[in-house]
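Peer 1: Fold the following.
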Amino acid sequence: MKFYQSKLLNNFAKLTHLFTCKESGNLAFHVQDNPKDVLKNHKSLAKELHYDYKTLVHMEQFHSNIVKRVDENDNFYNPPACDAVITNKKSTPLLVMVADCSPVLFYDPRQNVIAAAHAGRAGAFENIVQNVIRCFVSDFSSDVKDLLVTVGPAICQKCYEINEQIYQEARERKVSYAVEKKGKKFYLDIRAILKEQFRTAGVLAKNIEISDICNRCNNDTFYSYRHTRKTGRYGGIIML
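Peer 2: Predicted structure coming up:
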């Protein structure tokens, strides 16, 4: 299988992480794919990374800023409704699925805590990053300066055209710095918003890694909803 990994997180031998691509197959059950094929893809991924697929915690993502601390009820067959999950449980892989949005992986090597977040436009506008970091601090006694964050392949600004209504929302939320206007068209840079949110939350610049790979520009490698409406989902996965 072909995967993409974070140079930042690769420094930790006991941490498992990667970003999948089309070669790994669609990981989402909600995109009208054959459920048996999706399950097969999950089992192949689990075998590759040496975990029991039933322990995987993915999410019923709905473009919120809700963060869920993993508990005994969360597993492959009972995914929580949220857009970020966090845990210090070992052998409990966390998965975020995307097809234009940004998959974000977090790691605190001191407290040994991980998180995975789904940051699309809504998640970025509602600052899901801040909520995840607050959870690290409040629930696991993390120091923000210890946090490592990596953003996987996602849609780039030139591929992300928005309408004027969304531009006005960006202005209201004080993130219009991430919008470029060309004539009567507007283009949104989610990466710029996330980078600023990491910085504002206190994450050290050396601990921030943001991929410059655009999934839509590279739609032969990654799924892209903007390129093909009926499409699969690739993911970011992390496990202690």
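Peer 1: can you map out the helices along the chain?
Peer 2: For the chain, helices defined by DSSP state H occupy the ranges 35-49, 121-125, 128-140, 164-172, 190-201.
Peer 1: And for the residue most central in space within the chain, nearest residue in space, chain neighbours not counted?
Peer 2: The geometric centre of the chain, computed from its C-alpha atoms, lies nearest to P103 (C-alpha atoms, centre = their mean), at 1.8 Å. Among residues not flanking P103 along the chain, G236 sits closest, at 3.3 Å (C-beta to C-beta, 6 or more residues apart in numbering). Placement of C-beta: from N, CA and C, glycine included.
Peer 1: quick one: contacts for that neighbour?
Peer 2: Going by C-beta atoms under 8 Å, 6 or more residues apart in numbering, G236 touches H17, L18, F19, T20, L95, V96, V98, P103, V104, L105, A116, G152.
Peer 1: Against F106, how distant is the fifth one?
Peer 2: Pointing back at L95 there. Remark: distance between L95 and F106 (C-beta to C-beta, to the nearest Å) = 14 Å.
Peer 1: Find residues that contact each of the two.
Peer 2: With C-beta under 8 Å, 6+ apart, L95 and F106 have common neighbours A116.
Peer 1: So, low pLDDT: which residues of the chain?
Peer 2: In the predicted model of the chain, residues 1 satisfy pLDDT under 70.
Peer 1: Quick one: residues contacting the residue of it positioned farthest from its centre.
Peer 2: The C-alpha centroid of the chain is most remote from G183, which lies 31.5 Å away (C-alpha atoms, centre = their mean). Contacts for G183 (C-beta under 8 Å, 6+ apart) come out as none.
Peer 1: Need phi/psi at it.
Peer 2: phi 70, psi -120 (degrees, to the nearest 10).
Peer 1: any idea where the strands of this protein begin and end?
Peer 2: Secondary structure of the chain by DSSP state E: the strands cover 16-19, 67-69, 84-87, 94-98, 102-108, 113-119, 148-151, 161-162, 179-182, 185-188, 208-210, 234-239.
Peer 1: what would these look like in TSV with distance to F3?
Peer 2: What follows is those, written out as TSV (distance: least, C-beta to C-beta, whole Å):
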stretch	distance to F3
strand 16-19	4
strand 67-69	25
strand 84-87	20
strand 94-98	13
strand 102-108	13
strand 113-119	15
strand 148-151	14
strand 161-162	30
strand 179-182	31
strand 185-188	28
strand 208-210	16
strand 234-239	9
